[in-house]
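Undergrad: this is the structure alone, sequence omitted:
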């Protein structure tokens, strides 16, 4: 037998795992590169083993799916069909060509947690399953200690089993708020309110697709039961106006929203809390795709029916191609893995083989498109920002500075605002502040091109890449 | 009517307005959306051989220091000086000869012996042959500079409008520009479209051979000030003056007021290719860590690329176009557009006002190229 082609799968969440299993089952050697210590991604984030969680499944739904993925991975690892590189932080995927066509790829990754040394992995194809990150919107008081993102609170729950605070308010918009609120309550926090800016009637009207999604319906009903059991009051069409506190969070001011998105006078209330988890949905991680020159469709990587990007040899699956949850990620990952396996052997895949996954993909994409419309960020939220509100935490840029850049200095897009104010130039490279800046500047949210997907020591960049060893095996770190 | 809201367009607007003209600036993008926003903001005399470009640089440097009186802080003007270092005795000899010629042309130069280099730049690598210090070299934050000069000009800002044609009267003279959102009438149109200046010239029916020359910049995490000057290797001057389309890199390292260290400079003619090139960025990092070994442990936060407006003889086009009455050019400054912007704007304003220019514009004539040299 000739040597198996190597597929590098970046990201070991639902999409990456499904892709890895599908490709490995079809005689492709898969190198699964992931930044976490354990596979699972954000959705199936695993508690550190040393914590000895007895019932980690209490924090997860679809635990059975996870068990299947996990068992599949273990079997492929044991058989040597999959190499799992954990704690590998990919900073660049390099496309190699002979001047005319692509001849392969090199994945460059820093070794965690210090991220001072880098390895290179050679592959014949690349599958990007890099997931999503949280969309953060600024508000007055939003930088007080005690204010966390909804995803951050959930990651703490799933990963560390630590209770972030005792009295919590969960606020923002979107379906992620439900598991965060019930999860915090189940872990012992008193959740005094779930503040959702969307109108439930609007959600119900738009998500008619719910009826066609029995699983989603059951899931929603399950959350309703849990919210009731933990006595979590839901304040629909409300928003957090401001977080208050001297040195850390002490209370939040909330108010009802009218149909225009304005706070209704006289409805303001103070809720005492020491933790505020805020979520406004997710944005696709597209840095590696952009470095490779893949075309984007809005904020997400553009893919065809087979989950191929427009760069030959590069596939993308899961939330990097659009936000749609774990179920959609699994379907896309499966299709991408099968397509990649066929093409890496130089054959055309038969889409009939993944018809079920394709149907589920169609259904879930339609469902999430409707959901997304209902859970849009509250209009006019930027009007509630004072000029002193911090928008970019890394560089301490205020809403006032952004307004000046747009009004007096002539910025019309995110890049110019960044250059004029330094918003987005710090450690997070704009991932945290771009949505906020775009909102204030009233311009399109076009994420900056982050050609280096993470900070890289110059010594690592300066060192010439080592001669290659066997395909799929990382070079020794340097 | 100034076409282009980059650094050169902003400087033309400022000096034209101060000469008493009504100015409108039009750009298809935002302020500083092209090469200005992708540069380092160098105001250099050190990298220029004696000749017309150096004269323009000296005039510009004088004007920048005057502008710094009113806008210095807002545009992060920093007269930090440049240090050019030579790795070998041969390179030092060539550098010393260049410096002697520059001194004759009016540039301040201070020779730095090998043993004194670390007094000037304490973190430099050991073993260098020597260097020359250029106190007149300075830096601004280019996007801030363009935006603040434009604001100070009081010119009408019409960004987000694409110029689709140059309007001309029956006598052939310019009457204004047509944009995708209406016509603007003006008896004089200044082409300050930088790397895209050739396209604007073509709209007026003339050729101007501006070509893109790609460059990458690496930006580090913010650091306490450890690199005091703009520091670069002597071979940079040769790279700047080269005509090759192939990749050239020479290390250029400088600290900034905001903290990050900026690392350049690569040059390659690959058209408007915006794709990332890891080999180029590796060369930049290698060059920088050779000059400053401590940088090996410092993280690069980001990298970006831009397209310098390259002209075949490395001189910009500045002044009236004899082929089209009313059309003026102020573009093609390659990698020196920020530094040369003030002098360019000043000279354009002088010609617009019908005054004698401070410098002879003959070397910068826009029609100096044979027609077949057009891209």
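TA: Perfect, I can see it now. As the structure is a computational prediction, the values presented were derived from the model and not from experiment.
Undergrad: so how far is residue A:181 from the spatially closest residue to residue B:334 that is not a sequence neighbour?
TA: Distance criterion Cβ to Cβ, 6 or more residues apart in numbering or on different chains; nearest residue to residue B:334, sequence neighbours excluded, is residue B:308 at 4.7 Å. In this view, the C-beta of every residue, glycine as well, is placed from N, C-alpha and C. If you measure residue B:308 against residue A:181 using Cβ to Cβ, to the nearest Å, the figure is 54 Å.
Undergrad: and for residue B:317?
TA: 64 Å.
Undergrad: what does residue A:438 give?
TA: Taking Cβ to Cβ, one finds residue A:438 at 28 Å from residue A:181.
Undergrad: neighbour count winner among those two?
TA: residue A:181 (29 against 19; other Cβ atoms under 10 Å in any protein chain shown).
Undergrad: doesn't residue A:412 lie inside a strand?
TA: No - remark: residue A:412 does not belong to a strand; assigned using DSSP: H, G, I helix; E, B strand; the rest coil, it is coil.
Undergrad: would residue A:202 count as being in a strand?
TA: No - under three-state DSSP, residue A:202 sits outside any strand and is assigned helix.
Undergrad: ok, it - contacts?
TA: residue A:374 (Cβ atoms under 8 Å, 6 or more residues apart in numbering or on different chains).
Undergrad: rewinding a little: in terms of helices and strands, where is the residue nearest to residue B:334?
TA: strand B:299-310 (DSSP states H and E).
Undergrad: please enumerate residues in contact with the lengthiest helix in chain B?
TA: Longest helix in chain B, counting residues (DSSP state H): helix B:52-71. Applying Cβ under 8 Å, 6+ apart, the contact partners of helix B:52-71 are B:43-45, B:48, B:75, B:77, B:79, B:102, B:105-107, B:136, B:138, B:140, B:145, B:148-149, B:152, B:314-316, B:318, B:336, B:339-344, B:346-347, B:358-360, B:363-364.
Undergrad: and the following helix or strand past it, which strands flank it?
TA: Remark: after helix B:52-71, the chain's next helix or strand is strand B:82-86, criterion DSSP H and E. Sheet pairing here is set by DSSP bridges, and for strand B:82-86 it gives strand B:130-134 (antiparallel), strand B:230-233 (parallel).
Undergrad: what's next to strand B:82-86, contact-wise?
TA: Residues contacting strand B:82-86 (Cβ under 8 Å, 6+ apart): B:44, B:46-47, B:92, B:94-95, B:112, B:117, B:120-121, B:124, B:128-134, B:137, B:229-234, B:236-237, B:291.
Undergrad: could you do stretch B:156-172 as well?
TA: A:410, A:412, B:3, B:5, B:23-31, B:150, B:174-185, B:189, B:200, B:203-205, B:324-325, B:327.
Undergrad: what about residue B:364, neighbour count?
TA: Other residues close to residue B:364 by other Cβ under 10 Å number 23.
Undergrad: isn't it up against residue B:314?
TA: No - with contact defined as Cβ atoms under 8 Å, residue B:364 does not reach residue B:314; the gap is 11.4 Å.
Undergrad: relative to residue A:27, how far out is residue A:70?
TA: Distance of residue A:70 to residue A:27, given as Cβ to Cβ: 22 Å.
Undergrad: ok, the two, which is more surrounded?
TA: residue A:70 (16 against 13).
Undergrad: how is the chain partitioned into domains?
TA: As the question left the chain open, I've gone with chain A. A:6-133+A:283-369, A:138-279, A:381-441 (automatic domain parsing).
Undergrad: actually chain B
TA: Recorded structural domains for chain B (assignment: automatic domain parsing) are B:2-71+B:142-210+B:313-373, B:82-135+B:211-310.
Undergrad: and those domains, which is most packed in?
TA: Among the domains of chain B, the stretch with the highest mean neighbour count (mean count of other Cβ atoms under 10 Å in any protein chain shown) is domain B:2-71+B:142-210+B:313-373, at a mean of 22.
Undergrad: just give me how far that one sits from the chain centre.
TA: Relative to its chain's centre, domain B:2-71+B:142-210+B:313-373 lies at 12 Å (Cα atoms, centre = their mean, to the nearest Å).
Undergrad: what mean pLDDT does that domain have?
TA: Across domain B:2-71+B:142-210+B:313-373, the average pLDDT comes to 95.
Undergrad: ok, now stretch B:91-104?
TA: Rounded mean pLDDT across stretch B:91-104 is 94.
Undergrad: show me the contact partners of it.
TA: In contact with stretch B:91-104 (Cβ under 8 Å, 6+ apart) are residues B:45-46, B:48-50, B:54, B:84, B:86, B:107, B:109, B:111, B:129-132, B:233-235, B:237.
Undergrad: how about 7 Å then?
TA: With contact meaning Cβ atoms under 7 Å, 6 or more residues apart in numbering or on different chains, stretch B:91-104 is reached by B:49, B:50, B:54, B:84, B:86, B:109, B:111, B:129, B:130, B:132, B:234, B:237.
Undergrad: so residue B:283 sits in a helix?
TA: Yes - counting by three-state DSSP, residue B:283 falls inside a helix.
Undergrad: show me what from the stretch 351-478 of chain A comes close to chain B.
TA: A:408-413, A:415-416, A:419-420, A:422, A:429, A:450-452, A:455-459, A:461-462 (Cβ under 7 Å from any Cβ of the partner chain).
Undergrad: and those, which are buried?
TA: Neighbour-count burial (16 or more other Cβ atoms under 10 Å in any protein chain shown) applied to those gives A:409-413, A:415-416, A:419-420, A:422, A:429, A:450-452, A:455-459, A:461-462.
Undergrad: let me see the contact set for residue A:77.
TA: Counting by Cβ under 7 Å, 6+ apart, residue A:77 has contacts residue A:84.
Undergrad: just residue B:346 next, same as before
TA: Residues near residue B:346 by Cβ under 7 Å, 6+ apart: B:15, B:63.
Undergrad: the one 10 residues further on too?
TA: When contacts are counted by Cβ under 7 Å, 6+ apart, residue B:356 is found next to no other residue.
Undergrad: report the separation between it and residue A:343.
TA: Distance from residue B:356 to residue A:343, by Cβ to Cβ: 69 Å.
Undergrad: ok, residue A:426 next?
TA: 40 Å.
Undergrad: again with residue A:257
TA: 49 Å.
Undergrad: repeat that for residue B:324.
TA: 54 Å.
Undergrad: just the pLDDT for whatever residue of chain B ends up closest to chain A.
TA: Relative to chain A, the nearest point of chain B is residue B:296 (3.1 Å; Cβ to the nearest Cβ). pLDDT recorded at residue B:296 is 96.
Undergrad: what helix or strand does residue A:94 sit in?
TA: Going by DSSP H and E, residue A:94 is part of strand A:88-97.
Undergrad: which residues of the stretch 201-350 of chain B fall in helices?
TA: B:235-241, B:278-291, B:337-352 (DSSP state H, counting those that start in this stretch).
Undergrad: among these, which is nearest residue A:64?
TA: helix B:278-291 (42.1 Å; Cβ to Cβ).
Undergrad: from the contact counts, what lies against that closest one?
TA: helix A:458-462, strand B:211-222, strand B:248-255, strand B:260-267 (3 or more Cβ pairs under 7 Å, 6 or more residues apart in numbering or on different chains; DSSP states H and E).
Undergrad: if we go to 10 Å?
TA: Using 3 or more Cβ pairs under 10 Å, 6 or more residues apart in numbering or on different chains; DSSP states H and E, the elements in contact with helix B:278-291 are strand A:88-97, strand A:456-457, helix A:458-462, strand B:211-222, strand B:230-233, strand B:248-255, strand B:260-267, strand B:299-310.
Undergrad: nearest to residue A:328, of these?
TA: Closest to residue A:328 of the helices and strands packed on helix B:278-291 is strand A:88-97 (Cβ to Cβ; 22.7 Å).
Undergrad: understood, closing this out.
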